[in-house]
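Novice: Mind looking at a prediction? Sequence and model below.
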Amino acid sequence: DQQVKQNSPSLSVQEGRISILNCDYTNSMFDYFLWYKKYPAEGPTFLISISSIKDKNEDGRFTVFLNKSAKHLSLHIVPSQPGDSAVYFCAAQTGTASKLTFGTGTRLQVTL
Amino acid sequence: EAEVAQSPRYKITEKSQAVAFWCDPISGHATLYWYRQILGQGPELLVQFQDESVVDDSQLPKDRFSAERLKGVDSTLKIQPAELGDSAMYLCASSGFGRGNNEQFFGPGTRLTVL
């Protein structure tokens, strides 16, 4: 039972354009959502997060949007840079200091 | 900058052998997690510690896996005996405890290959 889904395994975007990565969830008890970025042979790096009481959180080039009624969140990266090329994981949790439930990841490639 | 340390980075072993992985969390982080990531999937929790106590080990195959965090600081994850299906990336993460400590910080992982 995949509670967090990333339906796009890969995405290719030109440098300077916007990258939009999507994530859907099924468990209505999730109250905190996080995005992680992962390079090959490294551990995931925390990128940005959002509480379920908000619908938007912004940090520099990264913005996360949450639509609770649709159980959907998205990560926007603008402008995209070649260094953004990595696998992006969406994760969700119920409560502080609880386990993360991850999606299967989306591989982003930013081309010149 | 504080980081989660893991060793070894890579481990190759034959099936039926024993393997052990070590993790040192960010100083002061009370909560420690071991995740397993199989190629093409997201990480999945194996075990969670709060200080030295196990909080969640519901997905830990207890017939062959064991984990400990004796002094509430560093932790060891052991597999005995290893099976072919255990080949994966083993990730350790830590977080603070209490309100607002949602973010988990990951180490570089240990890539295990079982032959």
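Specialist: Cool, the structure landed. Numbers count the residues shown, from 1 in each chain, chains lettered A, B, ... in the order given.

Novice: Tell me how many other residues crowd B:Lys78.
Specialist: Neighbours of B:Lys78 under the rule other C-beta atoms under 10 Å in any protein chain shown: 14. In short, each C-beta sits where N, CA and C put it, glycine included.

Novice: cool, A:His72 as well?
Specialist: A:His72 - counted by other C-beta under 10 Å - has 14 other residues nearby.

Novice: What distance do you get for the residue nearest to it when sequence neighbours are not counted to A:Ile77?
Specialist: Closest residue to A:His72 apart from its sequence neighbours, by C-beta to C-beta, 6 or more residues apart in numbering or on different chains: A:Asp24 at 5.3 Å. From A:Asp24 over to A:Ile77 the distance is 19 Å, taken as C-beta to C-beta, to the nearest Å.

Novice: Pick out whichever of the two has more residues nearby.
Specialist: A side-by-side neighbour count of A:Asp24 and A:Ile77, using other C-beta under 10 Å, places A:Ile77 first with 24 against 18.

Novice: Name all residues that make contact with the spatially closest residue to B:Asp51 that is not a sequence neighbour.
Specialist: In space, not counting the residues next to it along the chain, B:Asp51 is nearest to B:Gly72; the distance is 4.1 Å by C-beta to C-beta, 6+ apart. Shown in contact with B:Gly72 (C-beta atoms under 8 Å, 6 or more residues apart in numbering or on different chains): B:Ala30, B:Phe49, B:Asp51, B:Glu52.

Novice: Just name the closest of those residues to chain A, please.
Specialist: The shortest distance between chain A and any of these, using C-beta to the nearest C-beta, involves B:Ala30 and amounts to 8.0 Å.

Novice: Count the neighbours of that closest one for me.
Specialist: A total of 18 residues lie near B:Ala30 under the criterion other C-beta under 10 Å.

Novice: correct me, but it touches B:Gly96?
Specialist: Yes. In this structure, B:Ala30 sits in contact with B:Gly96. The criterion is C-beta atoms under 8 Å, and the distance is 6.7 Å.

Novice: Show me whatever sits in contact with both of the two.
Specialist: The overlap between the contact sets of B:Ala30 and B:Gly96 (C-beta under 8 Å, 6+ apart) consists of A:Ala97.

Novice: sorry, back to before: pull the contacting residues for the residue nearest to A:His72.
Specialist: Neighbouring residues of A:Asp24 by C-beta under 8 Å, 6+ apart: A:Val4, A:Lys5, A:Gln6, A:Asn7, A:Ala70, A:Lys71, A:His72.
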